[in-house]
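Participant: Model the following, please.
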Amino acid sequence: MSCDLTALEPFFHDFLTLKNLRRTGWQLRGHRTGESLADHCFGVVLLTLTLADQITSHRIDRARAVTMATVHELAEARVGDIPFTALPYFPDKGQAEDRAMVDVLAPLQEPAAEYLALFREFEAGTTVEARFVRAIDKLEMLLTAREYEHTGITSLGDFWSNASTFAVFAEFPELDALARHFAATRHPRHGPGGA
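Facilitator: Sure, this is the predicted structure:
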């Protein structure tokens, strides 16, 4: 029995939206052509895939973590990328993203429940995989910030001075060391961990 995949058109539209939406954190700092949400997701997925087996402090279920990384930003196709500085003005951001995720996943029918559960697990940080993917999400941001600084962007110091960014690495010593390496190897104009 064949399946009519045309019913997935709304999901395809949301996927394509992620390719067109730019990450607002970069835009607020003057980088108008910074990565899209899809670019960021790809980076998180690839880092999750390659680093899950490198962690010695925990056993990471790589397949589960990769699936979680794949769906972790899907809701932003509907609600957009709300920057860190705007969070105090969106006290129900989590509820809005959850409702958006339900809508985004609806065309998928059976797998939607699994993906929604992984999204909620990621948001709640209730498992080692969820906390690992959250740390990878921040690691990808730092890697991108360092790369942007190497291309001449000079307004990203607050990405490096935000203590909550580095706090997520504490549970994973290898990721913590890598994040500190990224900070130490910023463009010389900024200095190790400089602004």
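Participant: tell me which element L74 falls in.
Facilitator: Assessed by DSSP states H and E, L74 sits outside every helix and strand.
Participant: from what I can see it touches T17, true?
Facilitator: No - at 9.8 Å, L74 and T17 do not qualify as touching, with contact defined as C-beta atoms under 8 Å. (Each C-beta comes from the backbone N, C-alpha and C, glycine too.)
Participant: Could you look up the SS state of R180?
Facilitator: Recorded secondary structure, R180: helix (DSSP: H, G, I helix; E, B strand; the rest coil).
Participant: Mind listing residues that contact the helix or strand hosting M68?
Facilitator: Secondary structure from DSSP H and E places M68 in helix 62-71. Residues outside helix 62-71 that contact it (C-beta atoms under 8 Å, 6 or more residues apart in numbering): 41, 44-45, 48-49, 52-53, 101, 115, 118-119, 121-122, 129-130, 132-133, 136-137.
Participant: and the longest helix belonging to the chain, which residues are buried?
Facilitator: Across the chain, the longest stretch assigned as helix under DSSP state H is helix 128-150. Of all the residues in helix 128-150, those buried under the rule 16 or more other C-beta atoms under 10 Å are 128-142, 144-146, 148-149.
Participant: what separates it from the chain centre, distance-wise?
Facilitator: 7 Å (C-alpha atoms, centre = their mean, to the nearest Å).
Participant: What is that helix packed up against?
Facilitator: Contact here means 3 or more C-beta pairs under 8 Å, 6 or more residues apart in numbering; DSSP states H and E; on that basis helix 128-150 packs against helix 24-27, helix 37-51, helix 62-71, helix 110-124, helix 157-161, helix 163-167, helix 173-184.
Participant: With Y89 as the reference, name the closest of those helices.
Facilitator: With C-beta to C-beta, the closest approach to Y89 among these belongs to helix 24-27: 13.3 Å.
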